[in-house]
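In: Sequence and predicted structure are below.
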Amino acid sequence: MRPAASNLGDEVVLEAQALQQLLEVLSGRGYQVVGPTLRQGSLVYDRLSSLDDLPRGWGDQQEGGFFRLRPLNEPALFGYGVGQKSWKEFLYPPRRRLWPARQEAHGLQILPPGEDAVKFAFIGVHPCDLHAIAVQDKVFLEGPYLDLHYQARRQSAFILAVNCGHACGTGFCVSMGTGPRASSGFDLALTEILAEARHYLVVTVGSEKGRQVISQLPHRRAQAQELEAAAKVVAQAAGQMGRSLDTTEIKALLYRNYDNPRWDQVAARCLTCGNCTLVCPTCFCHTVEDTSGLTGEQAERWRRWDVCYTVDFSYLHGGSIRATPRSRYRQWLTHKLATWIDQFGVSGCVGCGRCITWCPVAIDITAEVRAIREGERSGARGQGPGARGQGAGISKGTDKSN
Ligand code: SF4
Ligand code: SF4
């Protein structure tokens, strides 16, 4: 296959085995290549050293509170949905040392964090996760406070997206407008096609970085029937979507239903374990912890992920303002789908379905919103004033109706 000139927006074809070369090109350009791989019966994102590390021939089965790998009857490299981990683990790590400090004669000396600059290449980012990265960009890069660590990792990252060929069991990206086809936010986006004894990738060039990488690989312009095959793959995934979330006037709906009895019903099931926040690719709340050595000569400040389901999270001068599971679940869901829009201008939910799959009691955000909508229609709104849900996330909005 002879190389063809490629421009942004071009769609080209790579044979599947050229992915090995792609990984090598990215490594050669100084990227730490990270992608999906199998570990202990699960799908995780980790370092890839070769094409053999991808979960070839494996897919997944997901339902509320249920995830299993399943063998496919074809050697697909990207035949899986999203796993429990997301790319935020790399851009916004679960634990990060903000600074070390040393006691000097003149007082405490705060030192730089001493981190290595890491340039990640993310392989196999699903469209919903591209949207999740864009949501975290708004949080860390576009607000009043810039997160320099996130910025450094984000700006240097290379993103190879993968359009979905089958729907995740719990995802609802179509109704959130976030999938199953990648529309922006990638350097390259591929659709994997196995048909008529061929295994190839239709690749969209999304950035100058992507163009440079593809120019080092054997490729050619996609032909009409190949583009048609790629469109069919994505349409099939859209058609399989088993869940949806009606976002019509969602903010007003949730603000009106602050006292809907449905919150009590979901609270009776919710374990307040926080799994849903940890797996969510957009959740960003964290806490800060200081530690010191026994001699008192060194200290460190660490940032670690926190979850809004703990009593401590909303502890303010003498008590927790969200003392009950009801108020904490309501806070999480209302933040995702309503107050997040006030804070950042976008929904905090991209419809990836992780919170449904990894909830130990299978609480389903789509079912909860539906129940609130239907409950309101049947007059179960409760007595709450319209907009008491304002304020969320790190800002820890007040909630007196525990
Ligand atoms: S909704 Fe599910 S995952 Fe989230 S805190 Fe409750 S029990 Fe845990
Ligand atoms: S709230 Fe649930 S479905 Fe929405 S982005 Fe977070 S984990 Fe995915």
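Out: In hand now; what should we look at? Ligands and ions are numbered 1, 2, ... in the order given.
In: Give the ranges of residues in this protein that sit below the confidence cut-off.
Out: 1-6, 381-402 (pLDDT under 70).
In: Go through it and flag its longest helix.
Out: Counting residues, the longest helix found in the chain (DSSP state H) is helix 224-240.
In: Identify the residues contacting the closest residue to residue 108 other than its chain neighbours.
Out: Among residues not flanking residue 108 along the chain, residue 101 sits closest, at 5.2 Å (C-beta to C-beta, 6 or more residues apart in numbering). Bear in mind the C-beta positions are built from the backbone N, C-alpha and C, glycine included. Contacts for residue 101 (C-beta atoms under 8 Å, 6 or more residues apart in numbering) come out as 108-111, 298-301.
In: which residues in the stretch 51-200 of the chain form strands?
Out: With DSSP state E, counting those that start in this stretch as the criterion, the stretch 51-200 of the chain has strands at 58-63, 66-71, 95-104, 107-110, 120-125, 158-162, 188-195, 198-205.
In: In TSV, list these along with distance to ligand 1.
Out: Formatted as TSV, the strands of the stretch 51-200 of the chain follow (distance: least, C-beta to the nearest ligand atom, whole Å):
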stretch	distance to ligand 1
strand 58-63	14
strand 66-71	13
strand 95-104	21
strand 107-110	36
strand 120-125	24
strand 158-162	26
strand 188-195	31
strand 198-205	35
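In: Spatially central residue in the protein, please.
Out: Residue closest to the average C-alpha location in the chain (C-alpha atoms, centre = their mean): residue 281, at 2.5 Å.
In: That one in helix, strand or coil?
Out: The three-state label given to residue 281 by DSSP: H, G, I helix; E, B strand; the rest coil is coil.
In: Hmm, it is touching residue 83, no?
Out: No: contact between residue 281 and residue 83 fails when scored by C-beta atoms under 8 Å: they sit 11.0 Å apart.
In: who touches both of those two?
Out: With C-beta under 8 Å, 6+ apart, residue 281 and residue 83 have no common neighbours.
In: and this protein, which residues reach ligand 1?
Out: By C-beta under 6 Å from any ligand atom, the residues of the chain that approach ligand 1 are 270-276, 309, 359-361, 363.
In: go again using 8 Å as the cut-off
Out: 266, 269-277, 307, 309, 325, 328-329, 332, 355, 358-363 (C-beta under 8 Å from any ligand atom).
In: hmm, back to that, can you list the strands of the stretch 51-200 of the chain in a markdown table and add distance to residue 19?
Out: What follows is the strands of the stretch 51-200 of the chain, written out as a markdown table (distance: least, C-beta to C-beta, whole Å):
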| stretch | distance to residue 19 |
| --- | --- |
| strand 58-63 | 16 |
| strand 66-71 | 21 |
| strand 95-104 | 31 |
| strand 107-110 | 45 |
| strand 120-125 | 8 |
| strand 158-162 | 9 |
| strand 188-195 | 9 |
| strand 198-205 | 7 |
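In: I'd like to know which of the ones you listed is closest to residue 249.
Out: Residue 249 lies closest, by C-beta to C-beta, to one member of the strands of the stretch 51-200 of the chain: strand 58-63, at 29.2 Å.
In: Send me the closest one as PDB with only the CA atoms.
Out: The C-alpha trace of strand 58-63 is given here as PDB (Å, rounded to 0.1, in the frame of the first residue of the first chain):
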ATOM      1  CA  TRP A  58     -12.600 -10.300  23.500                       C
ATOM      2  CA  GLY A  59     -15.700  -8.300  24.200                       C
ATOM      3  CA  ASP A  60     -17.800  -7.500  27.300                       C
ATOM      4  CA  GLN A  61     -21.200  -8.100  28.700                       C
ATOM      5  CA  GLN A  62     -22.500  -5.400  31.000                       C
ATOM      6  CA  GLU A  63     -25.700  -4.900  32.900                       C
END
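In: residues of that strand that come out buried?
Out: 58-60, 62 (16 or more other C-beta atoms under 10 Å).
In: Stretch 21-41 too?
Out: By 16+ other C-beta under 10 Å, the buried positions in stretch 21-41 come out as 21-23, 25-26, 31-38.
In: Repeat that for stretch 335-346.
Out: Going by 16+ other C-beta under 10 Å, stretch 335-346 has these buried residues: 335-341, 343-344.
In: cool, stretch 201-209 as well?
Out: The neighbour-count check on stretch 201-209 (16+ other C-beta under 10 Å) flags 201-207, 209 as buried.
In: what does it contact?
Out: 6-16, 18-19, 158, 161, 182, 184-193, 211, 214, 219, 222, 226-227, 229-230.
In: Filter those down to just the buried residues.
Out: Buried residues within the contacts of stretch 201-209, counting neighbours by 16+ other C-beta under 10 Å: 6, 10-16, 18-19, 158, 161, 182, 185-193, 211, 214, 219, 222, 226, 229-230.
In: neighbours around residue 126, how many?
Out: Applying other C-beta atoms under 10 Å, we find 29 residues neighbouring residue 126.
In: From what I see, it and residue 351 are in contact.
Out: No: contact between residue 126 and residue 351 fails when scored by C-beta under 8 Å: they sit 10.7 Å apart.
In: Any idea how many residues pack against the nearest residue to residue 20 once chain neighbours are set aside?
Out: The shortest distance from residue 20 to any non-neighbouring residue, by C-beta to C-beta, 6+ apart, is to residue 51 (4.4 Å). Using other C-beta under 10 Å, residue 51 has 18 neighbouring residues.
In: if I look at residue 51, how far off is residue 354?
Out: Separation of residue 51 from residue 354 (C-beta to C-beta, to the nearest Å): 26 Å.
In: partners of residue 286 in the sheet?
Out: Applying DSSP bridges to residue 286 gives these bridge partners: residue 305.
In: Tell me which entries of the buried residues of stretch 21-41 lie within strands.
Out: Of the positions in the buried residues of stretch 21-41, 32-38 sit in strands, assigned by DSSP state E.
In: Now render these as CSV, adding distance to residue 294.
Out: Output for these, formatted as CSV (distance: C-beta to C-beta, whole Å):
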residue, distance to residue 294
32, 35
33, 41
34, 37
35, 42
36, 43
37, 40
38, 42
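In: between these, which is nearest ligand 2?
Out: Within these, the smallest distance to ligand 2 is 17.0 Å, found for residue 36 (C-beta to the nearest ligand atom).
In: Now the stretch 51-200 of the chain against ligand 1: closest residue?
Out: Closest point on the stretch 51-200 of the chain to ligand 1, by C-beta to the nearest ligand atom, is residue 65, at 8.4 Å.
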